[in-house]
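Enquirer: Sequence plus predicted model, see below.
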Amino acid sequence: MALGDIQADMARILAEAGRAPDAANLIAVSKVQPNARVKAVLDAGHRIFGENRVQEAQGKWPDFKAQFEGIVLHLIGPLQSNKVRPAMELFDAIHTVDREKLARRIADMAQELGRCPDLFIQVNTGAEPQKAGILPSEADEFVKTVRAMDLPLKGLMCIPPVEEEPSLHFALLAKLAARNGLQGLSMGMSADYETALRLGATHIRVGSAIFGERVAPQA
Ligand SMILES: *Cc1c(COP(=O)(O)O)cnc(C)c1O
């Protein structure tokens, strides 16, 4: 199975980059994958997973959580305000905080639930109109806004434009995080996780390289 290959590759890259073996987390992105493939990765001992839709995750993870101890779930797709409650009930981390209204809703719900997932701010490093995330120029201000709400902000996340060299985007994200005193860097996918790890990624989000091609690609 490809999971072992990716883990070995990660270990090699981290060592070459002079980073600690546990400096980065592998998030296995299981969106749209058949349950049998997800179960195989769970059976292999992996516990950190990512999903990009709350509703889809609600359909499969409660059962897996009942069967396997220690599952850690990351929401890596856009979050609508009306899905904040179920998202916070199911996920351990949310990578896509990108507007004040959403942050406020999360803060209110954290009061109500008495807990809050780890949060990442999504930055639209390529300033693509169709993509979620705050603009790089707004990042410092938005970090302040989220911190003022006393939320557990861990880092920044980006998805570089498909056609561009990802290293420029990863370096920009790393710079924005460093100057705001944030440790977490959610960046790197199947095609570019090596570059991301070399530039300091603490969370890589790898789907197809672990599970194989997605059976039904999402819109
Ligand atoms: C689907 C997805 C991934 C994983 O993509 P692969 O290319 O299959 O590794 C990573 N991040 C986000 C935000 C995604 O939606």
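Expert: Great, that's in hand. Residues are numbered from 1 along each chain as shown.
Enquirer: got a pLDDT number for Arg214?
Expert: With respect to pLDDT, Arg214 has a value of 84.
Enquirer: how near is the residue of the chain found nearest the ligand to Val32?
Expert: Closest residue of the chain to the ligand, CB to the nearest ligand atom: Gly207 (2.8 Å). To be clear about C-beta, it is placed using only N, CA and C from the backbone, and glycine gets the same treatment. Applying CB to CB, to the nearest Å, the value for Gly207 to Val32 is 9 Å.
Enquirer: Now do the phi/psi pair for Ser186.
Expert: phi -90, psi 100 (degrees, to the nearest 10).
Enquirer: That one reaches Val97, doesn't it?
Expert: No. With contact defined as CB atoms under 8 Å, Ser186 does not reach Val97; the gap is 11.3 Å.
Enquirer: Compare neighbour counts for the two and give me the winner.
Expert: Ser186 (29 against 22; other CB atoms under 10 Å).
Enquirer: Now for the more buried one: which residues touch it?
Expert: Ile27, Ile76, His95, Phe120, Gly155, Leu156, Met157, Cys158, Ala201, Thr202, His203, Arg205 (CB atoms under 8 Å, 6 or more residues apart in numbering).
Enquirer: and the residue nearest to Asn35 when sequence neighbours are not counted, how many neighbours?
Expert: Counting by CB to CB, 6 or more residues apart in numbering, Asn35 lies nearest to Lys60, which is 6.2 Å off, once chain neighbours are set aside. Counted with other CB under 10 Å, the neighbours of Lys60 add up to 16.
Enquirer: before we move on, back to that, in contact with the residue of the chain closest to the ligand, which residues are there?
Expert: Ala28, Val29, Ser30, Lys31, Gln33, Gly50, Met189, Ser190, Arg214.
Enquirer: And it, its phi and psi?
Expert: phi -110, psi -80.
Enquirer: still on that earlier bit, can you redo the contacts of Ser186 as a markdown table with distance to the ligand?
Expert: As requested, the contacts of Ser186 are exported to a markdown table (distance: CB to the nearest ligand atom, whole Å):
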| residue | distance to the ligand |
| --- | --- |
| Ile27 | 8 |
| Ile76 | 4 |
| His95 | 7 |
| Phe120 | 11 |
| Gly155 | 14 |
| Leu156 | 13 |
| Met157 | 8 |
| Cys158 | 9 |
| Ala201 | 12 |
| Thr202 | 14 |
| His203 | 10 |
| Arg205 | 4 |
